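S.K.: My questions concern the predicted model and sequence given below.
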Amino acid sequence: MKKYIFILLLSFQSLLAQVQFEARVSKTTLGLNERLRIDFAMNVDGDNFMQPSFDGFRVIAGPSQQVSQSWINGKSSFEKIYSYFLVPNQKGSLVIKQAAIEYNGQIYKTSPIKINVTDTVAQERDPNDPQQPSADNNLYLVAEISKTNPYVNEPITVVYKLYFSYNIGITNWRELDKPKYNDFWSQNIDIKQLLAEEGMYKGEKYRYVVLRKTVLYPQKSGKLEIEPLALDIDVQLPTNRRSMFGQVVVTDGHKRVSAGSKTIRVKALPEANKPEDFSGAVGKFDFKVVPSKTSLKNGESLDLLVSVSGTGNMKLFTLPKPVVPNALEMYDPVHDEKVNTTLAGMNGKISDSYTIVPQYKGNYAIKPLSFSYFDIGSNSYKTITAPEIMVNVLDGPMPADANAASTANLDKNQIAAAEQFKYIALKTDLKPINQKDFYGSKFFYALLLLPFLLLPIIIVAKKKKEAIDGDVTGNRIKRNNKLAKKYLSEAKKQLNNKEAFYIALEKAMHNFLKAKLHIETSEMSKDNIQELLLSQNAKPESVENFINLTENCEFARYAPASSATIQDDFDKAVVIISELEKQLKA
C-alpha cells in the first residue's frame, strides 16, 4: 500500500512541475569574426522543436541534441538541449527571435535575446580547433595605402590584397563590411580579372590576390579615418591524415579577416601666397582660352573654349568664367569632361564652351583670364594667365554712344545709359476702366446656346460618316484612286531614277484598274483586263495603249532608257489614265 502511495505522490509532483524552456548564449557581445554558441534548453521532453530564423547570422554547425536525466536523493531531473554555432553577417544590434516547443498540447517559447556585434577583434588560438591555427597563420587581408600624410585634394590610393600561404586553398569569399571613405572623394578602379601573384609579407613568401583598388581625394584637413574591409572566406585546410593514394586530406573551413581601420593625416594647403582666384585645383595643369573666331559679321556668333588639361583633381574644382563687355551677350556654358582615373589619380581635360553673340558693331576686348592651382611637385601655387582677346564686329547697329562702342573696352556704364530707355513703349493701348461684366452679355448667351445649335450638325455629320463607312465598295474605289494618284505622283518624283520610276508607274496603273474595275491583283491577266475594260465602254485603242504601257514597265526596268524615254512614258500614262477616266463608267 505504501508503495502505491509513493508512486502516486511522485506522479502528482511531476504534474505540478513547472515547464522551463529557455535560450542561453555563450556571450552577448562579440566581434564580427567571432563565433556564438546558443543552447535551447528544456526540462521536459517537448516535441515539435521550431528553431528561430537567425536573421543576421549564419549557422555553421547544428543543431546538435543532448539529453540528460538523473535521479538524486529521490528527485529526478531531466534536460534536453538543442545547440547551434553561429557567426554574424553584419555589425550592429541583432536579435535572436523565439524558439518554440509543444508539450501536453501547449506551446512554450523562449525569450528573444539581443546580441551586440562589434568590429573584428584579435582572437586567441583555440587548442581544441585544429583548423583555427592553420587559417590564422596563413591568411591575411591587407590595405596598402600609397601615402598617409597627403595635402587636401592630393590623390592617394588604397589597394586591398588578400595574402594566403601555399598550403591552403580559397574557394569563395563574401564581403561583411565595405570600406567607408568619409570626407574623401573616392572612385573604384575596375579589376577585370582576379589573378593570383607571388609576393612577400612579413618576410615570407605568399600568394596574393588584389581584390579592390580605390583612388581617394581627401576633402578636408586633419585626421581622417578609413573604415575597414571585412571578408568571410571559405578555405580548404590541410589535415594530418592522408588518403589511400598518399595525398593530404583537406577539410573545409572558413575564416573572417579584416584589413583594419586606417588613419590618414591630411595637411591643409598653405595660406601663404594663395591666389585670390584659387578654386581648389591641386596637381599639374595647363590652361587655355581659345575663341573660334575673332572677326564677326552681323548675326554671327563665336564659341569661346575655356579648358584645363593635365593631372590632378580634375572633377573637384571650377573653371574661371570669362568677363565680357555688355555689348557681347554670353550664354551659359556647355561643360565637357574627358577624364580617366588610374592609380596615379585623375588625368585628362575639362572644358566650358561659351557662345557669345555681339549686339553692336565695333571692337571689344575680352579681359585676360587666369587659372591658379597648387603644384604638388614644388609645394607652391602657380597661376597661368591667358592673353586678352579682341573681338572685331564688322557690321551691325551702332550703340547710342558710337564713339564709346568703337573703343577697345566699351564702358559698361555708357552702354547701360544707352540701353536703359530701349524697351519703353512709344504707343499706348488704353482700355476703359469700367467694363461690362461678362455674365449677362450677348457673348455669354451666345456661348450658352452654341452647344444646342451644334447638336443637329453633329448628328447629321455622324450619320453621314456612318453611311460613308458602310459603303465598302465606295471606300475601296476611293482608296485605290488615291493610291493611283499617289504612285503616279511618286513616279514623277523618280524621273531621274529609272527602276524606281517604272515600279511606281506600274503600281499606279494597277491601282487605277482596281478602282475602276473592282478587281484584285490576282485577276489582272491581259485577257481579263481587256475584256473588262471593253465591257465598260472603253475604246479599243485606249485599252491597247494601256496594256502595252503596263507590259513595257517590266521590260523597261532592265533595258537601257534615256531621260527622254522615261518622260515620254510618264506623259503617255497621264494621257491614257485621263482618257480611260472619261470613258469608263463610274
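M.R.: Sure, I can see it. Residues are numbered from 1 along each chain as shown.
S.K.: What is the burial count for residue 109?
M.R.: Residue 109: 14 surrounding residues under other C-beta atoms under 10 Å. C-beta coordinates here come from the backbone N, C-alpha and C atoms, glycine included.
S.K.: Any idea what it is bridged to?
M.R.: Taking DSSP bridges as the rule, residue 109 bridges to residue 100.
S.K.: likewise the one 5 residues further on?
M.R.: On the basis of DSSP bridges, residue 114 takes part in beta bridges with residue 95.
S.K.: same thing with residue 351?
M.R.: On the basis of DSSP bridges, residue 351 is bridged to residue 307, residue 336.
S.K.: how many neighbours does it have?
M.R.: 18.
S.K.: Ok, residue 297 next?
M.R.: 11.
S.K.: what's the spacing between it and residue 398?
M.R.: 15 Å (C-beta to C-beta, to the nearest Å).
S.K.: Equivalent analysis for residue 459, please.
M.R.: 66 Å.
S.K.: Which of these two has more residues huddled nearby?
M.R.: residue 398 (13 against 10).
S.K.: a helix runs through the more buried one, doesn't it?
M.R.: No. Counting by DSSP: H, G, I helix; E, B strand; the rest coil, residue 398 is not part of a helix but coil.
S.K.: Could you list the low-confidence segments of the stretch 201-350 of the chain?
M.R.: Scanning the stretch 201-350 of the chain for pLDDT under 70 picks out 239-240, 242-250.
S.K.: please redo it, this time with the cut-off set to 80
M.R.: 236-255, 298-299 (pLDDT under 80).
S.K.: what residues are up against the closest residue to residue 49 other than its chain neighbours?
M.R.: Once flanking residues are discounted, residue 49 sits nearest to residue 101: 5.3 Å by C-beta to C-beta, 6 or more residues apart in numbering. For residue 101, the contacting residues are 21, 42, 46, 47, 48, 49, 50, 107, 108, by C-beta atoms under 8 Å, 6 or more residues apart in numbering.
S.K.: Also residue 33?
M.R.: 87, 120, 121, 123, 230, 255, 256, 257, 258.
S.K.: Out of those residues, flag the one nearest to residue 504.
M.R.: Closest to residue 504 out of the contacts of residue 33 is residue 230 (73.3 Å), distances taken as C-beta to C-beta.
S.K.: what sits against that closest one?
M.R.: Each residue near residue 230 by C-beta under 8 Å, 6+ apart is listed here: 32, 33, 119, 120, 141, 175, 176, 177, 256, 257, 258, 259.
S.K.: biggest separation within those residues, which pair?
M.R.: Across those, the longest distance by C-beta to C-beta is 14.6 Å; it joins 119 and 175.
S.K.: Show only the entries of the contacts of residue 101 found in strands.
M.R.: Judged by DSSP state E, the contacts of residue 101 include 21, 42, 47, 48, 49, 50, 107, 108 as members of strands.
S.K.: which one of the residues you listed is nearest residue 555?
M.R.: Nearest to residue 555 among the ones in strands among the contacts of residue 101, with distances taken as C-beta to C-beta, is residue 50, at 89.0 Å.
S.K.: where do the strands sit along the stretch 351-500 of the chain?
M.R.: Assigned by DSSP state E, counting those that start in this stretch, the strands in the stretch 351-500 of the chain fall at 362-366, 369-375, 380-386, 389-393.
S.K.: would JSON lines of those strands with mean pLDDT and mean neighbour count be doable?
M.R.: Putting those into JSON lines (pLDDT from 0 to 100; neighbours: other C-beta atoms under 10 Å) gives the following:
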{"stretch": "strand 362-366", "mean pLDDT": "88", "mean neighbour count": "21"}
{"stretch": "strand 369-375", "mean pLDDT": "92", "mean neighbour count": "21"}
{"stretch": "strand 380-386", "mean pLDDT": "92", "mean neighbour count": "14"}
{"stretch": "strand 389-393", "mean pLDDT": "90", "mean neighbour count": "18"}
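S.K.: and residue 196, which of the ones you listed is closest to it?
M.R.: Shortest distance between residue 196 and the strands of the stretch 351-500 of the chain, using C-beta to C-beta, is found for strand 369-375: 39.7 Å.
S.K.: Please list the residues outside the closest one that contact it.
M.R.: Counting by C-beta under 8 Å, 6+ apart, 151, 153, 269, 275, 277-279, 281-285, 287, 289, 306, 308, 312, 317, 319-320, 322-323, 380-386 sit against strand 369-375.
S.K.: quick check: angle from it to strand 380-386?
M.R.: 160 degrees (axes from the mean of the first three to the mean of the last three C-alpha atoms, to 10 degrees).
S.K.: Can I get strand 369-375 in PDB? Just the C-alpha atoms.
M.R.: Extracted C-alpha coordinates of strand 369-375, given in PDB (Å, rounded to 0.1, in the frame of the first residue of the first chain):
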ATOM      1  CA  LEU A 369      41.600  85.100 -67.800                       C
ATOM      2  CA  SER A 370      43.700  83.400 -65.200                       C
ATOM      3  CA  PHE A 371      43.700  80.000 -63.500                       C
ATOM      4  CA  SER A 372      45.500  79.100 -60.300                       C
ATOM      5  CA  TYR A 373      46.400  75.700 -58.800                       C
ATOM      6  CA  PHE A 374      48.600  74.100 -56.100                       C
ATOM      7  CA  ASP A 375      51.600  72.200 -57.600                       C
END
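S.K.: Give the rounded mean pLDDT of whichever helix in the chain runs longest.
M.R.: Longest helix of the chain, by residue count under DSSP state H: helix 442-470. In this model, helix 442-470 has an average pLDDT of 81.
S.K.: quick revisit: can you turn the buried part of the contacts of residue 101 into a ChimeraX selection?
M.R.: Buried residues within the contacts of residue 101, by 16 or more other C-beta atoms under 10 Å, are selected in ChimeraX with:
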select :21,42,46,49,108
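S.K.: closest to residue 221 among the contacts of residue 101?
M.R.: Checking the contacts of residue 101 against residue 221 with C-beta to C-beta, the nearest one is residue 50 at 56.3 Å.
S.K.: can I get the contacts of residue 101 in JSON lines with distance to residue 236?
M.R.: Output for these, formatted as JSON lines (distance: C-beta to C-beta, whole Å):
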{"residue": "21", "distance to residue 236": "39"}
{"residue": "42", "distance to residue 236": "38"}
{"residue": "46", "distance to residue 236": "39"}
{"residue": "47", "distance to residue 236": "40"}
{"residue": "48", "distance to residue 236": "38"}
{"residue": "49", "distance to residue 236": "33"}
{"residue": "50", "distance to residue 236": "34"}
{"residue": "107", "distance to residue 236": "43"}
{"residue": "108", "distance to residue 236": "42"}
